[in-house]
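J.: Below are the sequence and a predicted model for it; my questions follow.
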Amino acid sequence: MRYLLDSNVLYWYITDRSRLTRRVEPLLDDAHNDLYVSSASLWELSIKIAKSRLAVPGNTVLSLYEQVDRLGITVLPISRAHILRTETLPHHHGDPFDRIIIAQALEEGFTILTADADIPQYAAPVIWK
């Protein structure tokens, strides 16, 4: 399976695995699954790291990328198709990071791993509980 990690899941995967659910943690550990993270999630986390609102090992954006590489997670760039897909999404909420992640999941056929209660309002498949 192919999974797109939301920012919260990536952060917990790196810093505090105890926050992951019993359903999500085995998916992250299964070598048969392909794990992706949106470049938008890395951007979102980098903003929080730069403002000292989040800490990651090394406490830099570069160290965040190193953790992603170490875990074997593929960074998914934002494409034109992803941006165009955001235009057709309902406006359940306006978080631009969430909207691009949802669009990417829909365009690429990914299931989103997230604890965000707003994301399941959209048509993208989601796993958390």
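T.: It's in.
J.: Next up, the contacts around residue 20.
T.: Residues near residue 20 by C-beta atoms under 8 Å, 6 or more residues apart in numbering: 9, 12-13, 28. To be clear about C-beta, it is placed using only N, CA and C from the backbone, and glycine gets the same treatment.
J.: Tabulate the residues you listed (TSV), appending neighbour count.
T.: Below are the contacts of residue 20 laid out as TSV (neighbours: other C-beta atoms under 10 Å):
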residue	neighbour count
9	28
12	20
13	23
28	19
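J.: So which of those belong to helices?
T.: In helices, judged by DSSP state H, the following of the contacts of residue 20 are found: 9, 12-13, 28.
J.: For the most centrally placed residue in the chain, give its distance to residue 20.
T.: Closest to where the C-alpha atoms of the chain average out (C-alpha atoms, centre = their mean) is residue 6, at 2.2 Å. Applying C-beta to C-beta, to the nearest Å, the value for residue 6 to residue 20 is 12 Å.
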